[in-house]
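>>> any chance you could fold what I've pasted below:
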Amino acid sequence: MPVIAIELAMHHLLAEPEDQVLVQAQLEAAEETAMKFLNRRFYLDQVALDTARAGVPGAMLAAKDANAAAVAAAEVEQDHTLRCRLLGHARQALADAYDQCDAIAYGMVLNPAIQAACLLKLGHLFANREEVVTGATAVELPMASQHLLMPYRIRMGV
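I've put the predicted structure just below:
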């Protein structure tokens, strides 16, 4: 469920009421893309953030237990190649689960810059429903959504 109100999104796009289902789906995609870029989740208010953070320790324990079970299952495999693959899958699943926990633990409350970035991305998705541009020159605006999100991004990697 999106953090940004659908009414605001519809107003931003000047969309017709019959477009609401499409806008809802694209708003969810825009928010998810922003959260993936930030490597953290954002929430409507502090209460929602605190509630999400409260579940992190339990999720981490569940991930650790699932990893232990996956490793135990992999280690009984007789075929060396398959065992290595299964152990690799177990490690990746644990890393992914911990990354999700970190994204919540380092979460933040939605602010105007993040909201604007999501609405920019939504506008792009709504206006460009195809992967190709015909009859026009496609140009990325210099102050696009990533520029609004960059100050809040964590763990940028190499």
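>>> what's the span of stretch 2-15, first residue to last?
Distance across stretch 2-15, first residue to last, is 17 Å (Cα to Cα, to the nearest Å).
>>> which residues are contacting that stretch?
17, 19-20, 23-24, 27-28, 31, 42-44, 110, 115, 118-119, 122-123, 126 (Cβ atoms under 8 Å, 6 or more residues apart in numbering). Placement of C-beta: from N, CA and C, glycine included.
>>> quick one: which of the residues you listed sit in strands?
Those of the contacts of stretch 2-15 mapping onto strands are Phe42, Tyr43, per DSSP state E.
>>> need the buried ones from the contacts of stretch 2-15 selected in ChimeraX.
Applying 16 or more other Cβ atoms under 10 Å to those, the buried members can be selected in ChimeraX as follows:
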select :23,27,31,42,43,110,115,118,119,122,123,126
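>>> quick one: which of the contacts of stretch 2-15 sit in helices?
Judged by DSSP state H, these include Gln20, Val23, Gln24, Leu27, Glu28, Glu31, Gln115, Cys118, Leu119, Leu122, Gly123, Phe126 as members of helices.
>>> which residues does the fourth one contact?
Looking back up the chat, that one is Leu27. Neighbour list for Leu27: Pro2, Ile4, Ile6, Ala9, Cys118, Leu122 [criterion: Cβ under 8 Å, 6+ apart].
>>> same check on the third one?
Residues counted as contacts of Gln24 (Cβ under 8 Å, 6+ apart) are Pro2, Ile6, Ala9.
>>> now with 10 Å?
Residues in contact with Gln24 (Cβ atoms under 10 Å, 6 or more residues apart in numbering) are Met1, Pro2, Ile6, Ala9, Met10.
>>> which one is the second one nearest to, not counting chain neighbours?
In space, not counting the residues next to it along the chain, Pro2 is nearest to Leu27; the distance is 4.7 Å by Cβ to Cβ, 6 or more residues apart in numbering.
>>> distance-wise, check that neighbour relative to Val109.
Between Leu27 and Val109 the computed distance is 18 Å (Cβ to Cβ, to the nearest Å).
>>> perfect, I'm done here.
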